[in-house]
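In: Coordinates only, no sequence provided:
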């Protein structure tokens, strides 16, 4: 089979389809990171462009994903940091962390980690994937249930005796249990439906139904992801024409038309974070020192690459295209570096976006370059998304993960020691944070293999 024949017309069409269908996702994942929604679209173009140039895959589409967003926020204790220092300081902290993850990716490429990654135990990968999916669900649901989202959820739990006591115990005795705190907050919200915002919940419910069931009823001629655009557009129109009581994307700062970089005579509005401000960001302090920070960044990079490897193994292998693990690790590092310099969270390969890219008829990396350019050119017109309900964006994220949380097929297939390791990794990932969960999962997997009785060879 091999690579598809280059067709620039198909690539332009596929790139535009990708650009349009991904906008709600970009904004929603910015919410997951913890900074303003508009930053998701404002920073997505440069990193995708850099990644597309560096990768060897014609289909790989990269950016901030639900997993990288959740991991960055958890690793950096994002909510607490932003509450203490403000959003601008948090953005610089996240951006600086992206740079360190880029450095870790380059180091892993040099030491041959790509080959080792292919031997990651499937039971650990399955548990990690479920734990991350649950974490993403926990992060997204508050905007779909409550008018003021996570801030209202935490205030409600703090005012109640039992959840407040549980959260106080966790923070005082197990400070690493960030996921358990979030689960406690959400559990209290779920068992108190009278606190839910009626209108935001209705918007969330309808949009989730459209996103999940829409493909069955929409015309087959429409490109993949049209249901996402339809749900988001309908919710935005509803918000514009009513006194919508829930949270919305909000005012988007006006971009300076003369700022940015010039590409082939076209001015692209891209803001770069000064290098000194990235160097001054107290990333190491968030981990208790530079060594622990680099260990965390290395684990983050390794987990990131597992996602990329999953995409490449599926797409490239199916088409009998050889791919280079060191090259893709370097591409990951370049993407994260550019993401950091433009003030964004770490990036990785996105399975959903890559799948849409392939289904839309992509023949080369030109499609991703078209997508990235289109996003950057659209920045001056982003205000159209200002009234978009956060409940609608929450539905986009929930629709992507809810089935895998409720029906963990990969975990349920495991037996014996594999079942124990897989579910232990899943629980640790969900109750601590993804990086620690993955690390402990690997340690547990190695320990179980070491302690397992050796089978005697028959003579």
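Out: Yep, it's here. Quantities reported herein were computed from a predicted structural model and do not represent experimental measurements.
In: For the rest of this, base every contact and every neighbour count on C-alpha atoms.
Out: Noted.
In: now the strands for the stretch 1-150 of the chain?
Out: 62-63 (DSSP state E, counting those that start in this stretch).
In: Point out where it drops to low pLDDT.
Out: Low-confidence segments of the stretch 1-150 of the chain (pLDDT under 70): 1-2.
In: For it, which segments count as helices?
Out: Remark: helices assigned in the stretch 1-150 of the chain by DSSP state H, counting those that start in this stretch are 8-33, 39-42, 44-54, 66-75, 78-85, 87-110, 113-117, 122-145, 150-159.
In: With respect to residue 245, which of these lies nearest?
Out: For those, the distance to residue 245 is smallest for helix 122-145, at 12.1 Å, taking CA to CA.
In: next one: that closest one to chain centre, how far?
Out: Mean-position distance between helix 122-145 and its chain equals 11 Å (CA atoms, centre = their mean, to the nearest Å).
In: next one: stretch 99-111
Out: Averaging C-alpha positions (CA atoms, centre = their mean) puts stretch 99-111 19 Å from its chain's average.
In: Okay, buried residues for that stretch please.
Out: Within stretch 99-111, the residues that qualify as buried are 99-109, counting by 16 or more other CA atoms under 10 Å.
In: Which single one of these is nearest to residue 67?
Out: Residue 67 lies nearest to residue 101 out of the buried residues of stretch 99-111, by CA to CA, at 14.4 Å.
In: What residues does the closest one make contact with?
Out: Taking CA atoms under 8 Å, 6 or more residues apart in numbering, we find residue 101 in contact with 297-298, 300-301, 333, 336-337, 346.
In: With respect to residue 4, which of the residues you listed is nearest?
Out: For the contacts of residue 101, the nearest to residue 4 is residue 333 (26.4 Å; CA to CA).
In: so that closest one is in which element?
Out: Following DSSP states H and E, one finds residue 333 within helix 325-341.
In: Name every strand pairing with the helix or strand following that helix and say which way it goes.
Out: Next along the chain after helix 325-341, taking DSSP H and E as the criterion, comes strand 348-349. The sheet places strand 348-349 alongside strand 62-63 (antiparallel), with pairing taken from DSSP bridges.
In: what mean pLDDT does the helix holding residue 333 have?
Out: The average pLDDT within helix 325-341 is 94.
In: In it, which residues are buried?
Out: Judged by neighbour count using 16+ other CA under 10 Å, the buried positions of helix 325-341 are 325-341.
In: Pull the contacting residues for the nearest residue to residue 19 once chain neighbours are set aside.
Out: Nearest non-adjacent residue to residue 19, counting by CA to CA, 6 or more residues apart in numbering: residue 371, 4.8 Å away. By CA under 8 Å, 6+ apart, residue 371 lies in contact with 15-16, 18-19, 45.
In: which stretches of the stretch 301-450 of the chain form helices?
Out: 325-341, 351-359, 366-378, 390-406, 409-412, 416-431, 434-451.
In: Most tightly packed of those helices?
Out: Sort the helices of the stretch 301-450 of the chain by mean neighbour count, taking mean count of other CA atoms under 10 Å, and helix 325-341 sits at the top with a mean of 27.
In: packing partners for that helix?
Out: Helices and strands touching helix 325-341, by 3 or more CA pairs under 8 Å, 6 or more residues apart in numbering; DSSP states H and E, are helix 44-54, helix 87-110, helix 113-117, helix 290-318, strand 348-349.
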